[in-house]
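Chemist: my questions concern the predicted model and sequence given below.
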Amino acid sequence: MPHETPQPADGLAVADLAVRRSGRLVQSGLSFHLDPGRALLVTGPNGCGKSSLLRVLAGLDRADAGRIDRAGRPVGEDPVGHRTTLAFVGHHDAVKPSLTVAESLTFWTAGLSAAVRRGRIAAALAAFALERLADLPGRFLSAGQRRRVALARLVAAPQPLWILDEPTTALDTQAVAALGAVMDRHLDGGGMIVAATHGSLPLSVVPARLALDPVAVAVDG
Amino acid sequence: MARALAWLAALIARDVRLSLRSGGEAFMAVGFFLVASACLPLSIGPEPQRLAVIAAGALWVMALLASLLVLDRLLAGDLEDGSLDLLALAPLPLEGVILAKALVHWLLTGLPIVVAAPLAAIWLNLPAPAFTTLMVTLIVGSPALSLLGTLGSAITLGSRRGALLTPLMILPLNVPVLIFAGGAVEAAVSGLAVRPHLLLLGAVALVAAVCAPLFGAAALREALR
């Protein structure tokens, strides 16, 4: 069983959220609801606050206003429960130059038993065609390969909610297809995905869309 | 709790491995400690009596300066490559991340310095009765240096002049460590009671062990925003 079902996923509800970037208000009044098994694509021009919104959703940054509920309860009531049941793939791949791909994935699956870990890591490597790179240190990887390692964490350490920031950056067409397959399986198992993207994602179900407006305030310079 | 401890162990193992693979960076601190204390007789003069007077204080200042050497990369790498984002989402609280970083810093700077200290103490002619006391002060005090240093690098994380700012901010915090460690060795040399100094040094180390993770984690949260 290469991909096990994530733990029972709960809905994500966002109401009237306001997001700042570098201290400046970029979005306000954002509301959406995401059910288990559904995906949400966040779109919008550069600088409109997509990444900031995702960081707020992941609990890495504070919202300026509004609320985020998980399974009907504000995430503020159980921040640990929220942050340990989500997977985040941001702009940076968190791949260390001197750790091999396998070592990197092993680290990010800490806390699991050795047998479970081996199975998950094998599944993660297979999902993104990384088997032959498993013993290669991170410094030898191309940008696309590092991205695949970052995405392989989603399979190695499954979580019900995935928050992905431009997941297809630097990926070739095969890797994009692999990502699509992994995301489809995640949604089939009742998982949720919030992804920021400029293009579209190769999902078999039509995702909901949240189009962010350009920042109304005058841009510097 | 068990999950958090597994993450703590994994993070410590990963960071030790990263340091060992980064080619010599790991033992820069102890190298500096030995070379700097070997240079001292060259500038002060080689008279054994004169060296004996300053040996304990000099060794402690060298240990302090050596502990500052690797601070600027302690957390910066994890911030730059996005690992810190993921660590903040892991079951291990950020307080635990600070503790792990301080422990790794101690394993790679404090422990080698403790091991190398007898050698440096011999060539600086530290009086024999003070040897044991010097070792005890290093064993108790060097973890405090690592904890306070980790706190400093967490506070300056993300600032452009972090590498310069950290030592400036951390040196004053280390003053109590220097005073009580130096006082203990001084007392041993002159045959006075060592215990009060060691107890105070231990108290400083314990305060650092409580405060550094708490304040350091708050600083990390700020750096991630």
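Modeler: Happy to help now that I have it.
Chemist: what parts of chain B come near chain A?
Modeler: B:2-4, B:6-7, B:9-11, B:14, B:17-18, B:21-22, B:77, B:80-83, B:85-86, B:88-91, B:93, B:224-225 (C-beta under 8 Å from any C-beta of the partner chain). Backbone N, C-alpha and C define where each C-beta goes, glycine included.
Chemist: so which bits of the lowest-mean-pLDDT helix or strand in chain B are buried?
Modeler: Ranked by mean pLDDT, DSSP states H and E, the helix or strand of chain B with the weakest confidence is helix B:162-173, at a mean of 88. Neighbour-count burial for helix B:162-173, counted by 16 or more other C-beta atoms under 10 Å in any protein chain shown, picks out B:Gly162, B:Leu165, B:Thr166, B:Pro167, B:Met169, B:Ile170, B:Leu173.
Chemist: one more: stretch A:113-123?
Modeler: By 16+ other C-beta under 10 Å, the buried positions in stretch A:113-123 come out as A:Arg117, A:Gly119, A:Arg120, A:Ile121, A:Ala122, A:Ala123.
Chemist: for the third one, helix, strand, or coil?
Modeler: When you say that, I think you mean A:Arg120. helix (DSSP: H, G, I helix; E, B strand; the rest coil).
Chemist: in chain B, which residue sits nearest chain A?
Modeler: In chain B, the residue that lies nearest chain A is B:Gly82 (2.8 Å; C-beta to the nearest C-beta).
Chemist: count of residues packed around that residue?
Modeler: Using other C-beta atoms under 10 Å in any protein chain shown, B:Gly82 is surrounded by 18 other residues.
Chemist: ok, B:Gly24 next?
Modeler: By other C-beta under 10 Å, the residues close to B:Gly24 number 9.
Chemist: what's next to the lengthiest helix in chain A, contact-wise?
Modeler: In chain A, assigned by DSSP state H, the helix with the most residues is helix A:173-188. Contact with helix A:173-188 is made by A:3, A:6, A:37-39, A:127-129, A:144, A:147-148, A:151, A:154-155, A:158, A:162, A:167-168, A:171, A:193, A:201-205, as judged by C-beta atoms under 8 Å, 6 or more residues apart in numbering or on different chains.
Chemist: now the helices for chain A?
Modeler: In chain A, the helices defined using DSSP H lie at A:50-57, A:79-83, A:101-108, A:114-127, A:143-156, A:173-188.
Chemist: with distance to B:Leu151 and mean pLDDT added, can I get those helices in TSV?
Modeler: Shown next, in TSV, are these (distance: least, C-beta to C-beta, whole Å; pLDDT from 0 to 100):
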stretch	distance to B:Leu151	mean pLDDT
helix A:50-57	25	94
helix A:79-83	23	91
helix A:101-108	24	96
helix A:114-127	33	94
helix A:143-156	29	96
helix A:173-188	39	95
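Chemist: output those as JSON lines; include the columns distance to B:Leu71.
Modeler: Shown next, in JSON lines, are the helices of chain A (distance: least, C-beta to C-beta, whole Å):
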{"stretch": "helix A:50-57", "distance to B:Leu71": "27"}
{"stretch": "helix A:79-83", "distance to B:Leu71": "27"}
{"stretch": "helix A:101-108", "distance to B:Leu71": "23"}
{"stretch": "helix A:114-127", "distance to B:Leu71": "33"}
{"stretch": "helix A:143-156", "distance to B:Leu71": "27"}
{"stretch": "helix A:173-188", "distance to B:Leu71": "38"}
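Chemist: looking at those helices, which is closest to A:Leu133?
Modeler: Of all these, helix A:101-108 sits nearest to A:Leu133, with 5.2 Å by C-beta to C-beta.
Chemist: which strands and helices lie in contact with the longest helix belonging to chain B?
Modeler: When chain B is parsed with DSSP H, its longest helix is helix B:195-224. Where contact means 3 or more C-beta pairs under 8 Å, 6 or more residues apart in numbering or on different chains; DSSP states H and E, helix B:195-224 is packed against helix B:83-89, helix B:94-105, helix B:131-155, helix B:175-189.
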